[in-house]
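Engineer: What follows is a predicted protein model with its sequence.
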Amino acid sequence: MNEYDSAKIADLLTDEDNFELTTNEHEADLMVLNTCSIREKAQEKVFHQIGRWKKIKDKNPNLKIAIGGCVASQEGEKIIKRAPTVDIVFGPQSLHKLPKLYNERVNNETRQVDISFPKLEKFSYLPQNSKDEPSAFVSIMEGCNKYCSFCVVPHTRGHEVSRPVQEILEEVSMLADNGAREIHFLGQNVNNFNGMLDGEKSTLAKLIELTAKIENVDRIRFTTSHPFEFKDDLIETYDRVPELVSHVHLPVQSGSDRILKLMRRRYDIKQYYELVDKIVEVRPEMKFSSDFIVGFPGETDEDFIETMSVVEKIRFDESFSFIYSPRPNTPAAEMEDNVSDSIKKERLQELQSKLYYFSNGYSRKMVGTSQRILVMGVSKKDPGQLYGRTVCNKVVNFTSQSVDLIGQFINIQIVEALPNSLKGNLK
């Protein structure tokens, strides 16, 4: 979501306010930091970056610094009090106002703060995607109503609001006309999408079916789904829509029913297993990725063992795991945290080791197989190579300087499994 928002901020400034991007921060008139507050570490990085930029601003007083995103929404004017060098603070739902906020700051020397929640207003002001890329993000809804006890998102992005279906389809059609072959729908709770279509509320399943009918759309993904909202009609879509990829991100967070209840996740592990089984029954080749929180307040050795049992049973293809981080205004932040930092780190290391074991195992099994990949672009590490992604979202690097392949689907022979990618040869 932040990648999507950052791209829109860049498009907004270059399209509407006559800015141009620069790779030299010492030349900049405006620096924008789009932030995430889902973990404390990410939030602290914000102020470290502001400290770096202050040194540049000391030499260039005309430079303006803008802080956007969830940290901005969470902290508001407190950012300016802590870091007076900041000129503009704006939230995720008010990013379309940045050009106006910049002009106000330049013209009247008053620091600007707008962390309001004008629902879907921003989508009426954002310019069309400026890049013709093989894969495109499309934000279909914002916010979340779940109020998990550890999560700050409902406070920083607001309640759930869904975009109208027709508006989304028009954006997808434009992207497909410009070369996008893969559409990636985004939302904090994406499978609870309920945008309006012909005067009635629609569903993510219906949106996917309509999207698959658009010419040149060959792959469809969505992130992030909540297990509680993964309804039967969405499961059935995997049977009807081959364009919907055989990979789903299904955050479990913990394998302990006791911890899940404290997290307010609204499901237990039995229900999670039943959901996975239903999806696999419809799409046997399905691969799952997940999120895990280690060291949640009160987590015991037995709770952690139950989490490891989930990993052993599901054998996730890819996962993201972190030590619990208390966030402002969340119930979990008020809970007694009696798990030592050393134990948290030991558990995280054990969990990540097991997750890597299964992920790497899937990669090794792909060696010797032929995989259909969407070629995404030139490798960042080797300009003599291109890279693409499999249907299960594995990155494949292969030697080629034929940029005409970018945006095309090709078959690649997998020859090696590397820690974070695959190596292949053109067939």
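Structural biologist: Cool, the structure landed.

Engineer: lowest-pLDDT helix or strand in this protein?
Structural biologist: Ranked by mean pLDDT, DSSP states H and E, the weakest helix or strand in the chain is helix 2-16, scoring a mean of 86.

Engineer: if we look at that one, which residues are touching it?
Structural biologist: Contact with helix 2-16 is made by 19-21, 30, 32, 34-36, 68-69, 92, 95-96, 98-99, 125-131, 137, 139, 186, as judged by Cβ atoms under 8 Å, 6 or more residues apart in numbering. (Each C-beta comes from the backbone N, C-alpha and C, glycine too.)

Engineer: Of the residues you listed, which belong to helices?
Structural biologist: Judged by DSSP state H, the contacts of helix 2-16 include Leu98, Pro99 as members of helices.

Engineer: Buried ones among the contacts of helix 2-16?
Structural biologist: Neighbour-count burial (16 or more other Cβ atoms under 10 Å) applied to the contacts of helix 2-16 gives 19, 30, 32, 34-36, 68-69, 92, 95-96, 98-99, 126, 129, 137, 139, 186.

Engineer: Identify each buried residue in the helix ranked longest in the chain, please.
Structural biologist: When the chain is parsed with DSSP H, its longest helix is helix 341-366. Within helix 341-366, the residues scored as buried using 16+ other Cβ under 10 Å are Lys344, Arg347, Leu348, Leu351, Gln352, Lys354, Leu355, Phe358, Ser359, Tyr362, Ser363, Met366.

Engineer: quick check, nearest of these to Glu312?
Structural biologist: Lys354 (7.5 Å; Cβ to Cβ).

Engineer: is it true that that closest one touches Ser309?
Structural biologist: No - between Lys354 and Ser309 there is no contact under Cβ atoms under 8 Å: 10.6 Å.

Engineer: Pro297: what's it in contact with?
Structural biologist: Leu262, Tyr324, Ala332, Met335, Glu336, Asp337, Asn338, Val339.

Engineer: did I read that right, it in a strand?
Structural biologist: No - counting by DSSP: H, G, I helix; E, B strand; the rest coil, Pro297 is not found in a strand; it is coil.

Engineer: before we move on, the earlier item: what sits up against whichever helix or strand comes after the longest helix of the chain?
Structural biologist: Downstream of helix 341-366, the next assigned helix or strand under DSSP states H and E is strand 370-378. Strand 370-378 is contacted by residues 133-135, 181-182, 218-219, 385-391, 394, 396, 403, 405-414, 422, 424, 427 when judged by Cβ under 8 Å, 6+ apart.

Engineer: Just the buried ones from the contacts of Pro297?
Structural biologist: Neighbour-count burial (16+ other Cβ under 10 Å) applied to those gives Leu262, Tyr324, Ala332, Met335, Asp337, Val339.

Engineer: First-to-last residue distance for stretch 28-45?
Structural biologist: In stretch 28-45, first residue to last residue: 21 Å (Cα to Cα, to the nearest Å).

Engineer: Pull out the buried residues from it.
Structural biologist: Quick answer for stretch 28-45 (16+ other Cβ under 10 Å): 28, 30-39, 42-43.

Engineer: pLDDT on it, on average?
Structural biologist: In this model, stretch 28-45 has a mean pLDDT of 88.

Engineer: which residues in the stretch 251-400 of the chain form helices?
Structural biologist: Ranges of helices in the stretch 251-400 of the chain, per DSSP state H, counting those that start in this stretch, are 257-263, 269-282, 301-314, 341-366.

Engineer: quick one: which of the contacts of Pro297 sit in strands?
Structural biologist: When DSSP state E defines the strands, the subset of the contacts of Pro297 inside them is empty.

Engineer: neighbouring contacts of stretch 153-168?
Structural biologist: With Cβ under 8 Å, 6+ apart, stretch 153-168 has contacts from 37-38, 70-71, 73-74, 91-93, 117, 119-120, 123, 138-147, 187-189, 192-197, 202, 206-207, 210-211, 328-330.

Engineer: Stretch 120-134 now?
Structural biologist: With Cβ under 8 Å, 6+ apart as the criterion, stretch 120-134 contacts 7-8, 10-12, 14-16, 93-96, 136, 139, 142, 161, 163, 167, 171, 174-175, 178-182, 374-377, 406-407.

Engineer: which non-adjacent residue is nearest Ile88?
Structural biologist: Closest residue in space to Ile88, ignoring its immediate chain neighbours: Ala66 at 3.8 Å, by Cβ to Cβ, 6 or more residues apart in numbering.

Engineer: My error: substitute Val395 in the last question.
Structural biologist: Sequence neighbours aside, Ser421 is the residue nearest to Val395 in space, at 4.2 Å (criterion: Cβ to Cβ, 6+ apart).

Engineer: Surely that neighbour is in contact with Thr390?
Structural biologist: No - at 10.6 Å, Ser421 and Thr390 do not qualify as touching, with contact defined as Cβ under 8 Å.

Engineer: Name the residues contacting each of those two.
Structural biologist: Residues touching both Ser421 and Thr390 (Cβ under 8 Å, 6+ apart): Val396.

Engineer: More neighbours: these two, which one.
Structural biologist: More crowded of Ser421 and Thr390, by other Cβ atoms under 10 Å: Thr390, with 22 against 17.

Engineer: Which residues are in contact with that one?
Structural biologist: So Thr390 contacts Met366, Gln371, Arg372, Ile373, Val396, Leu422 (Cβ under 8 Å, 6+ apart).

Engineer: which one of the helices of the stretch 251-400 of the chain lies closest to Glu236?
Structural biologist: Comparison of the helices of the stretch 251-400 of the chain against Glu236 by Cβ to Cβ identifies helix 269-282 as nearest, at 6.9 Å.

Engineer: For that closest one, which outside residues touch it?
Structural biologist: So helix 269-282 is in contact with 227, 230, 232, 235-236, 238-239, 248, 250, 252, 255-257, 260, 267, 286, 288, 306, 310, 313-314, going by Cβ under 8 Å, 6+ apart.

Engineer: between it and helix 301-314, what angle do the directions make?
Structural biologist: Angle between the axes of helix 269-282 and helix 301-314 is 10 degrees (criterion: axes from the mean of the first three to the mean of the last three Cα atoms, to 10 degrees).

Engineer: Give the buried residues for helix 269-282.
Structural biologist: Buried-residue list, helix 269-282, by 16+ other Cβ under 10 Å: Ile269, Tyr272, Leu275, Val276, Ile279.
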